[in-house]
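Participant: What follows is a predicted structure for the sequence shown.
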Amino acid sequence: MSAAPTSGAPNLDLSLTVLDLAGNTVGFADPPAVELSRRTAAGLDATWSGTLPAGRYLVRLDGVGHGSPSTPGGYDDYGSLGGYTVEVGVTDTALTLGPALLPELVSGRPVDAPAGEAAGGTPDYTWSATGLPSGLSLDPATGRLHGRATVAGTFAATVTVRDGRDASASIPLTLTVLPELTAGPHDLVGQAGEPFAARLVAAGGTGSHAWSAPAPHPWLRVAADGVLTGTPPGPGSSTWSVTVESGTQRLTVQVTVDVTEAPAAVVVEDHRLAAVAGHPFVATLSARGGDGSFTWSAQALPPGFALGDRGTLSGLAHEAGTFRFVVRAHSAGLVGEATVTVEVTPAPLTVTDQTVRLGYGTADGLRLAAAGGTGEYAWQAHDLPPGVLLSGDGVVTAARASVGEHRFPVQVVSGTQRAGAQVTVLVSPGPVSVVDRSVAVRAGRQVRLRLAASGGDGAFVWRARTLPRGLRVSKAGRLTGVLPRPGRYLCRVQVTSGGSTAHGVVRVRVTR
């Protein structure tokens, strides 16, 4: 901008001052006047140029003096009052938008910060933004972010500024909202005289947490990673303030350690228990010391036994004998152990009177039953009925006993135990059958053959059904007679015994 006297008064001297709206001088020009001749001089006008922020400004022109009016060539500022020509040239700079330095954003923490730095263009500016986190807004007049972000995360926003001539500039703005730092309080438990260690836990912030303590503790120490260590000298409760930092967030929490008396040693007494083979067994083991609460474990339990967590030993012994095994009681980090002995005695040997049913003439047998003892039995009997047999392992047979009822006493031995009972064998007639027979004789010679049968009641009655001429069958089962001619002959016979009847064939071969 420049100012000069008009052509009507070319010798007026002036100065040029540029003021902002607050009255501050932002530019000044008053070149020195130089006399060129009695009628002309240089440096009477004023020109200023410079760069100003967008806005409104005032230009003030003032007449100035030069030297003293009492000396040749001198004049005062009154002599410079008159008309002036003023020219102002304004060149706009381009609107630009740069990033601003934002503070650390934390969910729930209030924000008041510029979203960007605008320059150039033409006043006034209008601001807008997209993609801001929930809870934050942009002041359209000032371009400042306000509010409290409600959600943590990383957000891609865009900030735009628009000037008075509708020119605009935009920048991307990546906003990282950290979660609020949280921690504790921490309630911990220790034992007097025992080394103590625990890790403090925090969440939120940058994810990296640094711990410290504003004041020392009598026996606790805290490391930067939040690990508490120390050895409590005695029982009691202790509270300590510790601080955790993450980024610009800082939080003080209380740590309380309740120290209890060290538990007494765990003592398990040796146990000697009795059980009976084949019978359910239950016993509860006992211990003392620790914190009074125990869990149990064992090694090499006898077959059929189990030990519960609370010390209940139970099971079913399958065999007699003496069994020893080690049990352990666990309480408050301490362990005690002892030996348990279980004496398993055989169950009482028992045998009851029994009835055995067999068919006459059969080789089948039935085994007598006993219970208890060692599980292995030896059987004995004296004065057995005719035809009745008893094996050492208790099998009764009556292949040669007569039909009817046979009684006899038996004894069974198992280990050192002995028991007796009465056995009744009922022999019933079995199905009768004919034993096939054959005979060879010469023609004209006497045929003599005893027929054979099995089953029934042992008494057989025979008769012929069809016989060759010259032969006959007696009731006692004798086939007799003479066949005069050579050949092969079939004799069909019938036998009855014990109410059962059977048929058979006897073959006779007659030679010359």
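Facilitator: Ah, there it is.

Participant: Which residues does V412 form beta bridges with?
Facilitator: For V412, the beta-bridge partners are W379, A419 (DSSP bridges).

Participant: Any idea how many residues pack against it?
Facilitator: Using other Cβ atoms under 10 Å, V412 has 22 neighbouring residues. Backbone N, C-alpha and C define where each C-beta goes, glycine included.

Participant: Do I have it right that it meets A381?
Facilitator: No: counting by Cβ atoms under 8 Å, V412 does not reach A381; the two are 10.0 Å apart.

Participant: for this structure, which spans come out with low pLDDT?
Facilitator: 8, 38-39, 54, 73, 78-81, 90-92 (pLDDT under 70).

Participant: redo that, cut-off 80
Facilitator: 5-12, 35-41, 52-55, 65-84, 88-93, 184-185, 262-264, 361-362, 430 (pLDDT under 80).

Participant: For the residue nearest to L471 when sequence neighbours are not counted, which three-state class applies?
Facilitator: Leaving aside its chain neighbours, L471 sits nearest to G481 (3.6 Å; criterion: Cβ to Cβ, 6 or more residues apart in numbering). On the three-state scheme (DSSP: H, G, I helix; E, B strand; the rest coil), G481 is labelled strand.

Participant: gap between G481 and S474?
Facilitator: Noted for G481: a distance of 11 Å to S474, by Cβ to Cβ, to the nearest Å.

Participant: Between the two, which is the more surrounded one?
Facilitator: Neighbour totals were compared for G481 and S474, and G481 leads with 18 against 14 (other Cβ under 10 Å).

Participant: Tell me what the more buried one is bridged to.
Facilitator: According to DSSP bridges, beta-bridge pairing links G481 with V447, L471.

Participant: Need phi/psi at A398.
Facilitator: Backbone torsions for A398, taken as degrees, to the nearest 10, come to phi -150, psi 50.

Participant: So it is in contact with L390, correct?
Facilitator: No: here A398 does not reach L390: they are 10.1 Å apart, not a contact under Cβ under 8 Å.

Participant: So these two - more neighbours on which side?
Facilitator: A398 (28 against 21).

Participant: check contacts around the more buried one.
Facilitator: 356, 358, 360, 387-389, 406, 425, 427 (Cβ atoms under 8 Å, 6 or more residues apart in numbering).

Participant: Give me the buried subset of the residues you listed.
Facilitator: Neighbour-count burial (16 or more other Cβ atoms under 10 Å) is assigned, among those, to 356, 358, 360, 387-388, 406, 425, 427.

Participant: Go through those residues and say which is closest to R485.
Facilitator: Distances from R485 to the buried ones among the contacts of A398, taken as Cβ to Cβ, are shortest for Y360 (41.2 Å).

Participant: what about that closest one, distance to P409?
Facilitator: For Y360, the distance to P409 - Cβ to Cβ - is 23 Å.

Participant: This structure - how does it break down into domains?
Facilitator: 2-87, 96-178, 182-260, 264-345, 348-428, 431-511 (automatic domain parsing).

Participant: so H217 makes contact with T239?
Facilitator: No: using Cβ under 8 Å, H217 is not in contact with T239; the gap is 9.6 Å.

Participant: okay, these two: which has more neighbours?
Facilitator: Neighbour count, other Cβ under 10 Å: between H217 and T239, H217 has more, with 17 against 12.

Participant: can you pull the contacts of the more buried one?
Facilitator: 230, 238, 240.

Participant: Ok, Q417 next?
Facilitator: So Q417 contacts 346, 348-349, 372-373 (Cβ under 8 Å, 6+ apart).

Participant: gap between it and L105?
Facilitator: Counting by Cβ to Cβ - Q417 and L105 are separated by 90 Å.

Participant: hmm, back to that, just the buried members of the contacts of Q417?
Facilitator: Buried among the contacts of Q417 by 16+ other Cβ under 10 Å: 346, 349, 372-373.

Participant: ok, these vs G82, which is closest?
Facilitator: After measuring the buried ones among the contacts of Q417 against G82 - Cβ to Cβ - the closest member comes out as P346, at 145.5 Å.

Participant: what's the burial count for the nearest residue to that closest one once chain neighbours are set aside?
Facilitator: Leaving aside its sequence neighbours, P346 sits nearest to A320 (Cβ to Cβ, 6+ apart; 4.5 Å). Each residue near A320 was counted by other Cβ under 10 Å, and the total is 18.
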